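> let me see the structure of the following:
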Amino acid sequence: MVLTEGSPLAKGYRLYFLTTGGMSVIYRAIAADGVTYRAKEVHTTEHLEMMALVQEKSMLERLDHPGIIKVFDLIEYDGFFYLILEFVEGGSLERQISPFEGLFLNEKVVRAWALELCEILHYLHSQDPPIIYRDLKPQNVIKDKEGHLHLIDFGIARVFKE
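Residues are numbered from 1 along each chain as shown. Model prediction:
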């Protein structure tokens, strides 16, 4: 169920609906000091989704790369868990890709995006143990206002096992 605009959350956050994902509802969370975050909501009765959210928090806490969103908190409130994440101002690559047949992106731009994504994935694969992202798609790549790319949604990412 989507909360109404400006719904209060613990620790002074106010929530504003953004979208729904495969396992959660995503909100823009505005803190009492005016800082904007992204909040992923999972109901406490959804055990698999709740475990995935806790695993996502644990994974993101150990990563430090400008192309990977940061995690700030995990809040349990009113029967839900909320993962508080960095909010990257910008739009997904899905919005950059034209829905009209025959219109193509500039090759130089696409190559730059590919190289930037490869660098982020290389960082993940260089971890000990390596992290396998598993959900690379235009909706999960945000281009910020400076043109840099950021991976979001580590819900199905996994630590590599032999």
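> from here on, just use CA atoms for contacts and neighbour counts.
OK.
> helices along this structure, start to end?
Listed in chain order, the helices of the chain (DSSP state H) span 47-61, 93-96, 107-125.
> got a markdown table for these, with distance to Leu149, mean pLDDT and mean neighbour count too?
Formatted as a markdown table, these follow (distance: least, C-alpha to C-alpha, whole Å; pLDDT from 0 to 100; neighbours: other C-alpha atoms under 10 Å):
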| stretch | distance to Leu149 | mean pLDDT | mean neighbour count |
| --- | --- | --- | --- |
| helix 47-61 | 17 | 93 | 17 |
| helix 93-96 | 9 | 86 | 14 |
| helix 107-125 | 7 | 96 | 14 |
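> dump these to a markdown table, plus distance to Lys11.
Converted to a markdown table, the helices of the chain look like this (distance: least, C-alpha to C-alpha, whole Å):
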| stretch | distance to Lys11 |
| --- | --- |
| helix 47-61 | 18 |
| helix 93-96 | 32 |
| helix 107-125 | 31 |
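> closest one to Lys145 among these?
Smallest distance to Lys145 across the helices of the chain (C-alpha to C-alpha): 12.5 Å, for helix 93-96.
> can you give me the offset of the lowest-mean-pLDDT helix or strand in the chain from its chain's centre?
When each helix and strand of the chain is scored by mean pLDDT, DSSP states H and E, helix 93-96 comes last, with a mean of 86. When distances are taken as C-alpha atoms, centre = their mean, to the nearest Å, helix 93-96 is centred 15 Å away from the chain's centroid.
> for Lys57, see how far away Trp50 is.
Slight slip there: residue 50 is Met, not Trp. 11 Å (C-alpha to C-alpha, to the nearest Å).
> okay, and the common contacts of these two?
Counting by C-alpha atoms under 8 Å, 6 or more residues apart in numbering, Met50 and Lys57 have no shared contacts at all.
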